[in-house]
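Participant: predicted model, plus sequence, below.
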Amino acid sequence: MGRKSIAEIFYEEVKKDYEEKTGSWIVVYDFMRMKANSNFWANITRVKNLVGEGSLIQNSVYKTPSKRGAITVLRLARHYGAEAIMYRAEVIDI
């Protein structure tokens, strides 16, 4: 078996009891004065596969129903040098 990716390591470090049944989580990040490492994008895809859901709303915003997945993306962004923040979101139809 090969080495684990940083996404898998971060995901496994987050407690499973962080999961909640309702709501969405949004991670907003910005790579100030630098381009995101290609490994960052590969690890974002790995998180999506680990969680089973999640998507990039735009290049600097990731949305997922998994708090565990959101924390993993937050840690990845910071690991690769981005400023990042995580929000709990509720969709409101008007």
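Facilitator: The structure has been received and is ready for your questions. These figures come from a predicted structure and were not determined experimentally. Residues are numbered from 1 along each chain as shown.

Participant: can you list the strands that the helix or strand bottoming out on mean pLDDT in the chain pairs with?
Facilitator: Least confident helix or strand, the chain: strand 55-58 with a mean of 92, by mean pLDDT, DSSP states H and E. Strand 55-58 pairs in its sheet with strand 61-64 (antiparallel), by DSSP bridges.

Participant: centre of the chain to the helix or strand just after the strand it pairs with, how far?
Facilitator: Using DSSP states H and E, the helix or strand that follows strand 61-64 towards the C-terminus is helix 67-79. Helix 67-79 has its C-alpha centroid displaced from the chain centroid by 4 Å (CA atoms, centre = their mean, to the nearest Å).

Participant: pretty sure I92 sits in a strand.
Facilitator: No. Checked against DSSP: H, G, I helix; E, B strand; the rest coil, I92 lies outside a strand; its state is coil.

Participant: which residues touch the helix or strand hosting I44?
Facilitator: Per DSSP H and E: I44 is located in helix 38-51. The contact list for helix 38-51 (CB atoms under 8 Å, 6 or more residues apart in numbering) reads 5-8, 11, 54-56, 62, 64, 66, 68-69, 72-73, 76-77, 80, 82. From N, CA and C alone the C-beta is placed, and that goes for glycine too.

Participant: all set, thanks.
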